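Peer 1: what shape does this take:
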Amino acid sequence: MRRKGIWIWISTLVLINLLGCSQLKPSIKKNKAFANYSLGVIFEQKGEREKAISCYKKAARCDPTSSTIQIALSQNYLAIGKLDKALFHAKRALKLDKTGIPYFILGNIYLIRNRYEQAISAFEKVVELDPENIEAYNILATLFIQKRDYLSCILTYKRLIELTPEVPSLYFDLGSIYIKCEKILEAIDTFSKALTLSPKDPRINFILASLYEYKGEDEKAISYYKNGLSIDPENLPNRKGLGKLYLKQGEIDLAIREFQVILEEDPNSKETHLLLGVCWEEKKEFEKAILSYKKALEIDPKLEEAYYQLGICYDRCGKTDLAIDSFRKIISINPKHAEAYNYIGYLYAEKGINLSESVRLIKKALAIEPENGYFIDSLGWAYYKQGRIDDALRQLKKAARLVKDDPIIIEHLGDVYHAKGMIKEAIGAWKHSLEVGNKDDGVRIKIEEAEKRNE
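Peer 2: Now for the predicted structure:
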């Protein structure tokens, strides 16, 4: 938000300009009220609040019907933190003056006291009496955000835009509220208007790119990321967004290029080292991936995601012991990291070693996420390796229900059917596994051998 604070101070001189001195002169021209009031203004402008208050009090005794004097007293008491007296004089001013100014002061007092509902009521009265009071609308918008009353906030910003349609920050703020409300189309429309008014703002390009990416319109997202970079080539959020989108699309070399540029500017970006590691891993350049993950861990030695990706990378290049060490490191940092327990347990099951420990670890994962179909598959697979075929079948059937059309789970189910002598069901499961994406030639071999035996 562009506003530094939630209230604003009205100088007494501004109030004089708003009200005019003519209100004072008819009522105090035959006494000392006007002279004391004028002297109070001078002291106030010099920052001598106590002397100003003394003069305003003398003026008020001479002319108790002047709302201007009561407003001046209220503002100066507010400035020195005497809120009770500020409130007293603001309410007296309100009895004498039904314009928005006394309500504005009341609103500020209520804000300082954290009485937000009363503040809202006061500022709503201001805009009722003065429908073009921009500052009151700004304060109301901020208060509605604090209350999470987003509908009222949206209406307030729309009114502000009606009053000042050429202010880009208002569209930015309104668009941000639409995002909070998950009104994506409205957010896109609003930020597009902000970009029209402020075409050189890379932040707006970044937000529009992110919104289009959220909608699945990747090409539009790429266009906005690139536009943001054309405005400011050093804008790292746009560059990182572009790199992540390239990674998502499988454009690995393009992603690597973007992440390397970021690291030239910000070598301590642990997230970028992680993303670069994923890129190298996708290219099966595991040593480079490992180096990237280790750099991320040099920056943040407790970065769980880096240890997790490092463990996966070690697993993929056949370094099982190092993979297990990485996952155990995660558990030492976060004993509730279910994925780490499951991964170690599954690795043991795959290798056919430490099977009791495998079951124990997978059960720990399931204690954290009891309906995770992948963990249930791991448990079924560990049971299968233990020779507990009925237990394995029960778990794998459940896993297949929870995770539809996963080729590995379905292959495992086929293996268990085969172990039970249910050859027809095994062949059906293996064929289904191939249909949903399993590219392992070993599955085809299993089907061929089973069909021969079943003839």
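Peer 1: tell me the secondary structure for Pro267?
Peer 2: Three states are possible here, and by DSSP: H, G, I helix; E, B strand; the rest coil the one that applies to Pro267 is coil.
Peer 1: what about it, how many residues nearby?
Peer 2: 11 (other C-beta atoms under 10 Å). For every residue, glycine as well, the C-beta is placed using N, CA and C.
Peer 1: show me what contacts it?
Peer 2: Applying C-beta atoms under 8 Å, 6 or more residues apart in numbering, we find Pro267 in contact with no residue.
Peer 1: what's the pLDDT at it?
Peer 2: Reported pLDDT at Pro267 in the predicted model: 97.
Peer 1: heads up, I number from 30, so please use that
Peer 2: Sounds good: first residue 30 from here, last item Pro296.
Peer 1: now it: how far from Glu310?
Peer 2: Using C-beta to C-beta, to the nearest Å, Pro296 is found at 20 Å from Glu310.
Peer 1: now do Ala89
Peer 2: From Ala89 over to Glu310 the distance is 77 Å, taken as C-beta to C-beta.
Peer 1: show me what counts as buried in stretch 234-247.
Peer 2: Going by neighbour count (16 or more other C-beta atoms under 10 Å), the buried part of stretch 234-247 is Asn234, Phe235, Ile236, Leu237, Ala238, Ser239, Leu240, Tyr241, Glu242.
Peer 1: kindly indicate which of these lies nearest Val290.
Peer 2: Distances from the buried residues of stretch 234-247 to Val290 were compared by C-beta to C-beta; the smallest belongs to Phe235, at 16.0 Å.
Peer 1: distance of the closest one relative to Gly270?
Peer 2: As judged by C-beta to C-beta, Phe235 and Gly270 stand 6 Å apart.
Peer 1: now do the shared contacts for those two.
Peer 2: Contact criterion C-beta under 8 Å, 6+ apart; residues bridging Phe235 and Gly270 by contacting each: Tyr254.
Peer 1: which parts of the stretch 230-379 of the chain are helices?
Peer 2: Along the stretch 230-379 of the chain, the stretches classed as helices by DSSP state H, counting those that start in this stretch are 231-243, 247-260, 265-278, 281-294, 299-311, 315-328, 333-345, 349-362, 367-380.
Peer 1: make JSON lines out of these and add distance to Leu224.
Peer 2: Conversion of these to JSON lines gives the following (distance: least, C-beta to C-beta, whole Å):
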{"stretch": "helix 231-243", "distance to Leu224": "5"}
{"stretch": "helix 247-260", "distance to Leu224": "9"}
{"stretch": "helix 265-278", "distance to Leu224": "13"}
{"stretch": "helix 281-294", "distance to Leu224": "22"}
{"stretch": "helix 299-311", "distance to Leu224": "26"}
{"stretch": "helix 315-328", "distance to Leu224": "34"}
{"stretch": "helix 333-345", "distance to Leu224": "33"}
{"stretch": "helix 349-362", "distance to Leu224": "42"}
{"stretch": "helix 367-380", "distance to Leu224": "40"}
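Peer 1: name the residues that touch stretch 356-365?
Peer 2: Residues outside stretch 356-365 that contact it (C-beta under 8 Å, 6+ apart) are Lys331, Glu333, Tyr336, Tyr337, Gly340, His366, Ala369, Tyr370, Tyr372, Ile373, Ile397.
Peer 1: in it, which residues are buried?
Peer 2: Buried residues in stretch 356-365, counting neighbours by 16+ other C-beta under 10 Å, are found at Phe356, Lys358, Ile359, Ile360.
Peer 1: stretch 389-406: which residues count as buried?
Peer 2: Buried residues in stretch 389-406, counted by 16+ other C-beta under 10 Å: 390-395, 398, 401-406.
Peer 1: nearest to Asp350 among those residues?
Peer 2: Minimum distance to Asp350 across the buried residues of stretch 389-406 is 15.6 Å, recorded for Leu390 (C-beta to C-beta).
Peer 1: these two touch, right, that closest one and Ile373?
Peer 2: Yes: judged on C-beta atoms under 8 Å, Leu390 makes contact with Ile373 at a distance of 5.2 Å.
Peer 1: quick check: the nearest residue to Ile359 once chain neighbours are set aside vs Asn401, distance?
Peer 2: Nearest residue to Ile359 in three dimensions, chain neighbours excluded: Ala369, at 4.2 Å (C-beta to C-beta, 6 or more residues apart in numbering). Taken as C-beta to C-beta, the spacing of Ala369 relative to Asn401 amounts to 13 Å.
Peer 1: with Lys61 instead?
Peer 2: Between Lys61 and Asn401 the distance, using C-beta to C-beta, works out to 83 Å.
Peer 1: cool, and Ile418?
Peer 2: Counting by C-beta to C-beta, the gap between Ile418 and Asn401 amounts to 22 Å.
Peer 1: check Ser227 too.
Peer 2: From Ser227 to Asn401 the distance is 46 Å (C-beta to C-beta).
Peer 1: got it, and Ser181?
Peer 2: 41 Å.
Peer 1: repeat for Arg121
Peer 2: Counting by C-beta to C-beta, the gap from Arg121 to Asn401 is 66 Å.
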